[in-house]
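S.K.: Sequence below, structure please.
(chains A, B, C, D and E, ligands or ions: 4)
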Amino acid sequence: MEFLNGFVALANFVLIPAVAYGSQLALGALGVTLIYGILRFSNFAHGDTMAFGTMCTILVTWWLQGMGVSLGPLPTALLAIPFGIAGCAALILLTDRVVYRFYRVQRVKPVIMVIVSMGVMFIYNGITRFIIGTEDQNFADGERFIIGVRDFKTLTGLDEGLAIRTTQGITVVTAVIVVAALFWFLNRTRTGKSMRAYSDNEDLALLSGINPERVVMVTWLIVAALATIAGVLYGLDKSFKPFTYFQLLLPIFAAAIVGGLGSPLGAIAGGFVIAFSEVGVTYAWKKVLGYWMPESLAPDGLVQLMSTDYKFAVSFVILLIVLLFRPTGLFKGKSV
Amino acid sequence: MGEPYLIGEAMTGGYGKGADILHACTIAVERGEIAVIVGPNGAGKSTAMKAVFGMLDLRSGHVRLDGRDITKLSPQDRVAQGMGFVPQTHNIFGSMTVEENLEMGAFIRRDDFRGTLAQVYDLFPILKDKRHQAAGELSGGQRQQVAVGRALMTQPKVLMLDEPTAGVSPIVMDELFDRIIEVARSGISILMVEQNARQALEIADKGYVLVQGANAFTGTGKDLLENPDVRRSFLGG
Amino acid sequence: ASHSSEAKIGVILGFTGPIESLTPMMADSAELALKEVNDSGMFLDGVTLTPVRADSTCVDAAAATAGAERLVTTDGVVAIMGADCSGVTGAVLSNVAVPNGIPMVSPSATSPGLSTAEDNGLFFRTAPSDARQGEVLSGILADKGITSVAVTYTNNDYGKGLSDSFISNFEASGGTVTLNTPHEDNKADYSAEIGALASAGGDLLVVLGYSDSGGKGMIQAALDTGAFDTFMLGDGMYGDALVAELGGDMEGSFGAVPWSEGAGADAFKTVTDAAGINGESSFTRESYDAAALIALAMMAGGEATSTAVKDNLLAVANGPGEEILPGELGKALQILKDGGEIDYVGATNVELIGPGEAAGSYRYYTITNGAFETVDFR
Amino acid sequence: MIRVENLHRHFGGFRAVDGASLTIDKGSITGLIGPNGAGKTTLFNVIAGVLEPTSGHVFMDGEDITGMPPHVLFHKGLLRTFQIAHEFSSMTCRENLMMVPGDQSGETLWNAWFGRGRIAQEEAALLKQADEVLDFLTISHLKDEKAGNLSGGQKKLLELGRTMMVDAKIVFLDEVGAGVNRTLLNTIGDAIQRLNVERGYTFCMIEHDMDFIGRLCDPVIVMAEGHVLAEGSIAEIKANEAVIEAYLGTGLKNKEAVS
Amino acid sequence: MSDMLRGTVLFGIMAVLIVGTGFVQSWNSALLILNMGLVSAVMALGVNLQWGFAGLFNVGVMGFVALGGLATVLVSMPPVGAAWSAGAGRLFLALALAVAVMAAAILLWKRLRRGLRGWVVAALLVAGFFAFRAVFDPAVALIEAVDPAATGYLGGLGLPVVLAWPVGGLLAAGVAWLIGKTALGLRSDYLAIATLGIAEIIIAVIKNEDWLARGVKNVNGLPRPLPYEIDLQNDPGFVETAAGLGLDATTASTLYVKLGYGVMFTLVLVLLLVLAQLALKSPWGRMMRAIRDNETSARAMGKDVTRRHLQIFVLGSAICGIAGAMMTTLDGQLTPGTYQPLRYTFLIWVMVIVGGSGNNFGAVLGGFLIWFLWVQVEPIGQWLMYHVTYGMADGSWLKGHLLDSVQHMRLLTMGVILLLVLRFSPRGLLPER
Ligand SMILES: Nc1ncnc2c1ncn2[C@@H]1O[C@H](COP(=O)(O)OP(=O)(O)OP(=O)(O)O)[C@@H](O)[C@H]1O
Ligand SMILES: Nc1ncnc2c1ncn2[C@@H]1O[C@H](COP(=O)(O)OP(=O)(O)OP(=O)(O)O)[C@@H](O)[C@H]1O
Ligand SMILES: [Mg+2]
Ligand SMILES: [Mg+2]
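M.R.: Ligands and ions are numbered 1, 2, ... in the order given. Next up, the predicted model:
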């Protein structure tokens, strides 16, 4: 019983949040990693792309809610996601046509593309704020928990509770499905392979009859879908605020890179590395050890390796250590 | 005899805004024949090939395939028209496996290409052993084999090869030339650049010597081989 | 110089950047006060006050300085309502305001360091003093008999200062803080902080942050995991949105917010509602008061100049005199015009002490049935 | 000069170099041939310090140089060229050559700031030398062209040119001939011979052009599947059945059919 | 020659922009932009050294800039006597202990055989960490307890603030050396994220170690190398001179101080620019470009790539440190919360790339131009929005909404201009040849 209590506490405060957060990061990192893998640049606008896609979804969600549509226990926003994706895709494709294509034809260095994407980031930044404003938006409805703390306690009779949110569940499931699908798509399908070929050697892809514009378009479409899904799931779980999405960029990049740029599996692994190191390393073991150790040995202090002030620092230290041993990430990513 | 199957006629052009590299250069190949281009380094051989394939903006001149003017067509459209090309450098997908490289060669084909794949593996047995290895990890000669294999997968009507034998061992080179002859016999036109010029000219129906972007000598393979000037200046005596 | 028919007031807030979600309402509130002054038609023989906005970015001191410099030297503002975050406020103060003799009234910079900054008598703030609030919060806990709490604060000078002050008061009165941990605003995830706080335990969690940012994130995470179900909220956490979103889960939580006893805050709500402005967000009340004070000081000085603001601000803010609430600026102007004295109370019960800091009273509220319910004033 | 002892280099489970042992005599021009994928380039890379060996040792003049980094080996007089040209693509041909010599005094920051006079002198000498090399390689008209814009063969020439910028003890050439015009290749062959005789360079070259190998190299070492298959004079090698089967082949089967 | 011409023209345009600001807005604004432009140019020079010369993707600029800022506090603030006597001894003991543990760990790592060493070193580090905390934590508590609202830290050395510039450079260089030793083996984006992370770590330390520089409580009122405007305004001599020039005392004093900074910054920039330019146009610069183009080949040509990378990483970071110290001096305060990657890392990168990487003058131009825009996009954006909404009916919902969000035109305009500039010169305004 004591052991179970300890474990439930650990699960509730470390394992479940970290897995959910890891999946959220992974979904974002998938978009980043895909752009890097196919179009060969680090897209700084990704955070704001996520924000834009989410915003479109939110607007449609409000409309649906206004119409009285609901998904029962699931959030209505799930219904609106396709519209969000469509809106996001429209914006991205327009951007590609007006902005990126020019540089692609010029064959500029990746770093120029990075700076260009920062320009795009500023613009998306403005557009989103023009339309929906800067405030925090909460658009989650439906059942918030798959199982809540109190229910869990009554159900199991344990002292410690455990909560799993609906959105956490959806996020984890989605992340797994999306990664598998993307992996399958890139490695098994004709289009996927042609995308990899394009990223590897553009000229030769041309000589094989691959239409680069099509490859680019498909890539952006997938990115739009990924960004919107990632953004919406994150927003459902926490809340939607444009500035936070912009700030998400950093851990997302960290996840994509530590996993190995260009690798979908890496994005997942990277997301978990970052999430677990943020949530896990600074965890204060007092409560758990209190259950696991005999009364006499139960700790007085917090048994915390490092205070949470340093949680970002710690996660970056872990990232560094990983990179020192695997210089191109866990899954042998690309490097330009 | 009418017009050649593929002809780049009086092509003039260069890279970007730079000076012209090609000066009214003409290259042609008949259906089912082998044409070989030789010349010193930097003569513009590769440039001429790229020009024929539409990877270069021509300032003047035309490219015609089977009587149709394709000067304005983009490279991937030319692929669709049945042209295949192996560039001199960067001719493989380094991060993809050997097999995926070959599949990419068959990208525009909608039919079942397993037969062709088997033929390619037959021709280059080493590739079959390494088919799940990333092409970038191969040795220089193996890469070259992948590159040629990829082009063969297209089953083109014209096959353009830029120095296909650079870096391959003698035994493979012989195999390759043999295969090229076979391919040509099946009605496919072959246009290739070679520095192993003597071997290449021996199997060539027609030979071009390019110097500084212009045609210097043209003739049958035999003619060129027997021409002492050509031998001395371009074929290493 | 009151012959010119227009006087410009700079409104320098972080319209982009980390607190961009708060600033629009703050600016609206400040401008509402100016509008009220203008509409009263009683201000200095028809001088109009025109707000000019500039972006402090909250985090980029150099850009904020440049913006302020432009307001002062190009637009010719005579006083500044702002800035918001302490870092940029300090930079604007020492690099623009002091050299040019322009008074600044900040609605939200609470850094104790600013008290000692070389300000030449030009710096005022309507933001409450951390020291006082710490006392109030700890007093509430003492009354409730709570002796063990966990604390989290937003990792900036406001949060840090407030938590320092709260903890020293609380511990002095015999309480224990199980863990005091900062959180960064606008971050993706707060599970780590909540994990540590939950382990440390405590009767409730004291949240000294912002209601639409990290503070809310912390509460949300704490509720979701069942780590805490009661919270004590600092003034930055007061806002309708918080209750609206977290609703029933917040039942029984409580906090303190600077508030004027009596009609002040209600008057502010009436005024903002009438103008269609969201006045329930953080620091809107302070912003309104800051702008109102600038106008009233000018009136008291008889001219729309920097000197007038600098010399008269304390006099209009503090007694003796007729008490002035939001919406009564016209009345105040009239009194001043007639040579009378006023004591501006405003939305936050402004009382400027020492070097121009607020020491108002606080409203101790609990959240009952999804609404803020006043318990008493302290 | 160079002695390789039971050298292994594995990639995962694959044994690219599998127990190769060989010696390169001082003053020789040693040819290294073998089928594609025999491990020749890998062997070069291990000797030149680009790759770490899995096991085994490399000695140079009796000194164990296994695993030494390339730049150290360079200063010991060991030079190499790359099979796939590794030019400095955004630098001009001239700069490509001028950067080669080690110990340039201008390569320290201090001198770059305060020793401009000395640098100017050295640079003038380097410039002259570089121009001579470019002339010899028949690409002097491209002195100021970016190396990235050269033709395939020209890049190989530049690659070779770099070895001519310094006094080396031993030079490893990885298929310098591939893609180079045969007439020019003959001239290069002459130069290699001259360097060998006049300046005492030792050469070890990988090449698939048997005429070229035959003209220059003695001895010739044949590698296959990661180890040494045969070694001897060119005549011996050409007569070796195993070599013919694995490497040389017997000529074109279809040739008659064409002509 | 046309490169020269292009450069002259572009710098001319830049000068016109700044002087124009003087005429249209105010000379104070113009000088302020110029001063921050100078600081930005120095930062851009540092990044260009690393990226343009050597191809090192350092995205940790913010960290080095912050270290420069930290140096300003450590050098120029007066020491806090009470804090020193309270816990300084113990604190330094703790730091010495930390260094000793690290040294021992490194030594062990080098001495021990492969199999075991990981565990031994890890054990040593963990034990060392706890020992360190045992000594360190009480010392910190003691120091931070000394008047936390006003001090609560050790203070600085009370030396002239200008000394902080070279010291900031040295501090940044020292940290860069440590980082370089470990992380420079990484390539491209992997190095980028590593440096980004390290910068975040540096900021986390400055934010949370209050004993060092008060953490998020900020240090205000840093000493200045120049007189205070107020003092000038109260100096009859100065007022008289100003009047002689036809200026009122306030304007004269503010301009005087800004010009003073301008002169000092210009000296630093010119010195660094000359050094950078000499270095670029020398065999050293050629070697660096070669390394940037192709490391494998540069190694085979006898260049010690690792050492060169370390050298240039340290140098570039030192320059960022100097710039950081200059900037903090100009601000007159250290506010750790303001260090954000967007502003202190990526904006600097934008400067380098837009200016033209690999070209020192390009980097400097980029520094000026991007800073100018960063400040001026706000009025430009407002102006644009004013014109966009001009035709709309007064009081219409859209117009109101747009005018409400006018502040967001700032970044949007920045984005648009950035894209326009890059559109017309995709390789930067002054490309590397
Ligand atoms: N990085 C690598 N990873 C895996 N296998 C590799 C790698 N590099 C080389 N190999 C394999 O090692 C073998 C030897 O390659 P190497 O380049 O040494 O051949 P080579 O003798 O130089 O051939 P060539 O004449 O074609 O240049 C090849 O089969 C190649 O596929
Ligand atoms: N991308 C490019 N940009 C500018 N000039 C180029 C480019 N590629 C090649 N050149 C120049 O064009 C000329 C012809 O090059 P090309 O590659 O056609 O030669 P080639 O005949 O194929 O030589 P090789 O036998 O060495 O391959 C050379 O002088 C070369 O410098
Ligand atoms: Mg060629
Ligand atoms: Mg090889």
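
S.K.: Look up which helix or strand the residue in the stretch 151-300 of chain E that ligand 1 sits nearest to falls in, please.
M.R.: Among all residues of the stretch 151-300 of chain E, residue E:296 sits closest to ligand 1, at 13.0 Å; criterion: CB to the nearest ligand atom. No exception for glycine: its C-beta is placed from N, CA and C like everyone else's. Using DSSP states H and E, residue E:296 sits within helix E:295-300.

S.K.: ok, now residue B:159?
M.R.: strand B:158-162.

S.K.: Return the list of helices and strands in contact with that strand.
M.R.: Applying 3 or more CB pairs under 8 Å, 6 or more residues apart in numbering or on different chains; DSSP states H and E, we find strand B:158-162 packed against helix B:45-53, strand B:83-86, helix B:140-153, strand B:189-193.

S.K.: Would you mind writing the CA trace of the helix holding residue E:296 as CSV?
M.R.: Taking Å, rounded to 0.1, in the frame of the first residue of the first chain, the C-alpha atoms of helix E:295-300 are listed here in CSV:
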residue,chain,number,x,y,z
GLU,E,295,36.9,21.2,-42.3
THR,E,296,38.1,17.8,-43.4
SER,E,297,40.1,19.3,-46.1
ALA,E,298,41.5,22.0,-43.9
ARG,E,299,42.6,19.4,-41.4
ALA,E,300,44.3,17.4,-44.2
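
S.K.: gap between it and the chain center?
M.R.: 32 Å (CA atoms, centre = their mean, to the nearest Å).

S.K.: residues of it that come out buried?
M.R.: Across helix E:295-300, burial judged by 16 or more other CB atoms under 10 Å in any protein chain shown covers E:295, E:297, E:298, E:299, E:300.

S.K.: Which pair of these spans the longest distance?
M.R.: The most widely separated members of these, counting by CB to CB, are E:295 and E:300 (9.7 Å).

S.K.: circling back: check which element follows the strand holding residue B:159 along the chain.
M.R.: Once the chain leaves strand B:158-162, the next helix or strand it forms, by DSSP H and E, is helix B:170-185.

S.K.: Which residues of the stretch 51-200 of chain D lie near chain E?
M.R.: Selection of the stretch 51-200 of chain D residues close to chain E by CB under 8 Å from any CB of the partner chain yields D:69-71, D:74-75, D:79-80, D:82, D:86-91, D:95-96, D:98-100, D:102, D:104-109, D:111-113, D:116, D:119, D:122-123, D:162.

S.K.: next helix or strand past the helix-or-strand element of chain C with minimal mean pLDDT?
M.R.: Least confident element among the helices and strands of chain C, by mean pLDDT, DSSP states H and E: strand C:357-358 (a mean of 58). Following strand C:357-358 in sequence order, the next helix or strand is strand C:362-368 (DSSP H and E).

S.K.: Skip the chain neighbours and tell me the closest residue to whatever residue of chain A ends up closest to ligand 4.
M.R.: Minimum separation of chain A from ligand 4 (CB to the ion) falls at residue A:201, amounting to 20.2 Å. Nearest residue to residue A:201, sequence neighbours excluded (CB to CB, 6 or more residues apart in numbering or on different chains): residue B:93, at 5.4 Å.

S.K.: Could you break chain B into its assigned domains?
M.R.: B:6-82+B:156-234, B:92-153 (automatic domain parsing).

S.K.: The shortest one - what's its average pLDDT?
M.R.: Throughout domain B:92-153, pLDDT has a mean value of 91.

S.K.: cool, and stretch E:251-264?
M.R.: 94.
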